[in-house]
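Undergrad: Turn this into a structure:
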Amino acid sequence: MKFRVAGAQIPVSRDVSENLAAIHRAIDFAVSQKADVLLTPEGSLSGYTHKMDVGASAKALEEVTARAKKKGLGLAQGTCFVEADERCYNQVRFYEPDGTFLGFHSKTLTCGSMTDPPVGEINHYAVKDLETFQFGSVAIGGLICNDLWANPACTPVPDPHLTQTLSEMGAQVIFHAVNGGRDGSPYAREVIWPFHESNLRIRARAGKVWIVTVDNCHPLDIPCSAPSGVISPEGVWAVKADPVGEQFFSFPIDLGDS
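TA: Sure, this is the predicted structure:
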């Protein structure tokens with residue numbers, strides 16, 4: 001069975017209208033590739049903030065999901081969103097090609113300072129239990145940025161090895177939405193990028209799962225914080241995007257007789 005995934009390394013800002021335009025470009029690409037599902041970066045619709053425009057974000061989400069449904073495209077949509085419980089979640093929201101909402105993964109390893117108590121996004125986003133989702137005949141899972149690599153400089157809780165946990169729960173493909181800090185410095189190039197890439201490859205291989213990953217590419221003139229692309233269960237890049245600027249990719253994942 002071939003499961004064609006598409007990814008969008010697009011700029012993410014706090015301007016919902018700009019984010020929406022970028023996601024529309026990504027949808028057009030994914031449809032042109034006859035992809036089953038499109039992954040966008042962390043916070044790519046609302047902006048990466050718990051202080052987003054709730055009304056504008058909700059309206060934009062309706063527009064994106066309606067357009068994807070019309071085109072027969074599934075979504076792994078990164079956004080921050082206030083749920084019915086009135087709490088804000090940093091999410092990857094999953095939709096089937098017919099528009100059916102499967103549920104969402106909430107960022108679990110929210111970042112914070114290594115102080116007692118920690119300070120940072122850990123104080124602003126709600127978290128729910130990890131789960132897998134059934135996308136047609138494919139078992140999928142979601143992770144968001146630090147969920148995968150558990151950066152020891154900003155993870156004030158133990159690493160629960162979420163990639164491995166999703167694998168043990170039956171996930172065949174993990175969709176990983178990223179929005180990492182970047183400044184173009186030597187430290188970012190020589191330390192942060194290799195750390196992110198190594199974790200992606202090691203954890204895919206350890207869990208024997210496919211990982212589809214995309215990062216925010218803003219600002220457009222320096223490399224992303226992490227590579228975008230598709231990694232095989234052997235820990236090998238099946239496709240890898242250019243690290244600078246807006247990039248789209250697609251790949252037919254071979255899931256055998258699944």
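Undergrad: which residues sit against stretch 17-24?
TA: Stretch 17-24 is contacted from outside by 8, 10-13, 40, 44-47, 56, 60, 63-64, 67, 77, 246, using C-beta atoms under 8 Å, 6 or more residues apart in numbering. From N, CA and C alone the C-beta is placed, and that goes for glycine too.
Undergrad: Can you pull the phi/psi pair for Pro219?
TA: Dihedral pair for Pro219: phi -70, psi 150, per degrees, to the nearest 10.
Undergrad: Which residues are in contact with it?
TA: Per C-beta under 8 Å, 6+ apart, neighbours of Pro219: 11, 182.
Undergrad: in stretch 29-46, what counts as buried?
TA: For stretch 29-46, the neighbour count (16 or more other C-beta atoms under 10 Å) marks 29-31, 33, 35-46 as buried.
Undergrad: Over to stretch 208-223?
TA: Those would be 209-218, 222-223, for stretch 208-223 by 16+ other C-beta under 10 Å.
Undergrad: And stretch 131-142, by the same measure?
TA: Under the neighbour-count criterion of 16+ other C-beta under 10 Å, stretch 131-142 has 132-133, 135, 138-142 buried.
Undergrad: who's Ile174 bridged to?
TA: Beta bridges link Ile174 to Gly141, Ile211 when assigned by DSSP bridges.
Undergrad: That one and Val138, how far apart?
TA: Note on Ile174: its distance to Val138, by C-beta to C-beta, to the nearest Å, is 11 Å.
Undergrad: Now the two most distant members of the buried residues of stretch 131-142.
TA: The largest separation in these, counting by C-beta to C-beta, is between Val138 and Gly142 at 13.1 Å.
Undergrad: which residues are contacting stretch 142-155?
TA: Applying C-beta under 8 Å, 6+ apart, the contact partners of stretch 142-155 are 42, 76, 78, 90-92, 94, 104-114, 120, 133, 159, 162-163, 166, 174-180, 195-196, 199-200, 203, 211, 213.
Undergrad: Just to be sure, which of those residues are found in strands?
TA: Judged by DSSP state E, strands contain the following of those: 76, 78, 90-92, 94, 104-106, 133, 174-177, 211, 213.
Undergrad: which among those residues gets closest to Ser185?
TA: Thr213 (22.0 Å).
Undergrad: Wait, that closest one touches Leu200, no?
TA: Yes - with contact defined as C-beta atoms under 8 Å, Thr213 counts as touching Leu200 (6.1 Å).
Undergrad: Good, we can wrap up now.
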